[in-house]
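J.: A structural model of the following input is requested.
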Amino acid sequence: MSIDFNNIEPNSSSSGEFELIPENTIARVNLLLEGGDVELPEFGRGNFFKKSQGGGRAKWMPVVFTITGGDYNGRKVWHRIFVDGDKMSERNVPVAKEIGLRTMRSIIESARNINPDDTTPNAQQARQLNSIEDLNNMQLCIKIGIEKGTNGYADRNRLIAPITPNQTGYIGGNNPTPPVTQAQPQQNQVGNNVPDWAK
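T.: Numbers count the residues shown, from 1 in each chain. Below you'll find the predicted structure:
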């Protein structure tokens, strides 16, 4: 017995490529923790992180943002939030960790509608998580950019930054994603290269 697919209509595009979401597009998204094989106790229980296989101390949390609404509804943007690396700041903290923690704070402020300079008790309480798993399924607003492909990978969309309520273009929970029309080719692949500041 065989299963015959010869009479099934082929996909209209067999190239596997997608149009890039235009640079500086702002969209409402859902955040999903992709998981990893490393647990970092300071962020709670669970294997949400990955680490460099090249001997460096780089560690990151892989996440995916799925656009909710607008012309690119359902499209995904992959990102790695680094929390460790070899390069140290003048405060003797990994630069990668400083950047990663600031990104996480902005994610929380975007999702929970907190102005970054709000120091009221309610805002301070809202910035606290029980564990990193609380980020899973947060709804927030992000600005999307384009990263040039390297090492044989095509250009791809990337996270520029989460957008917080004090920033122009912030989309709250009840506002639709703005329409976008520009397009460029993209392959849905993520390179394995680690940025210099995270090594």
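J.: what ranges do the helices span in this structure?
T.: According to DSSP state H, the chain carries its helices in the segments 95-111, 121-126.
J.: need the mean per-residue confidence for the shortest one.
T.: The average pLDDT within helix 121-126 is 94.
J.: CA atoms of it as CSV?
T.: The C-alpha coordinates for helix 121-126 follow below in CSV (Å, rounded to 0.1, in the frame of the first residue of the first chain):
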residue,chain,number,x,y,z
PRO,A,121,4.9,50.8,44.3
ASN,A,122,2.4,49.3,41.8
ALA,A,123,4.9,49.7,38.9
GLN,A,124,7.7,48.2,41.0
GLN,A,125,5.6,45.2,41.9
ALA,A,126,4.5,44.8,38.3
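J.: check which residues of it are buried.
T.: 123, 126 (16 or more other CB atoms under 10 Å). Heads up, the C-betas are built off the backbone N, CA and C, glycines and all.
J.: contact partners of it?
T.: 108, 112, 114-115 (CB atoms under 8 Å, 6 or more residues apart in numbering).
J.: give me the buried entries from those residues.
T.: Neighbour counting with 16+ other CB under 10 Å marks 108, 112, 114 as buried within the contacts of helix 121-126.
J.: show me the contacts for the residue nearest the centre of the chain.
T.: Geometric centre of the chain, nearest residue: His79, 3.7 Å, by CA atoms, centre = their mean. Contact partners of His79, counting by CB under 8 Å, 6+ apart, are 62-65, 158-159.
J.: tell me the pLDDT of it.
T.: You'll see His79 listed with a pLDDT of 97.
J.: same question for Arg28.
T.: 96.
J.: that one: neighbouring residues, count only.
T.: Arg28 has 25 neighbouring residues, counting by other CB atoms under 10 Å.
J.: Leu135 now?
T.: 21.
J.: tell me how far it lies from Gly36.
T.: Remark: distance between Leu135 and Gly36 (CB to CB, to the nearest Å) = 14 Å.
J.: where does the nearest residue to Glu147 once chain neighbours are set aside land on pLDDT?
T.: Of all residues not flanking Glu147 in the chain, Arg158 sits nearest, at 4.2 Å (CB to CB, 6 or more residues apart in numbering). For Arg158, the pLDDT comes out at 96.
J.: ok, now which ones touch Arg158?
T.: Contacts of Arg158 by CB under 8 Å, 6+ apart are 77, 79, 144-147.
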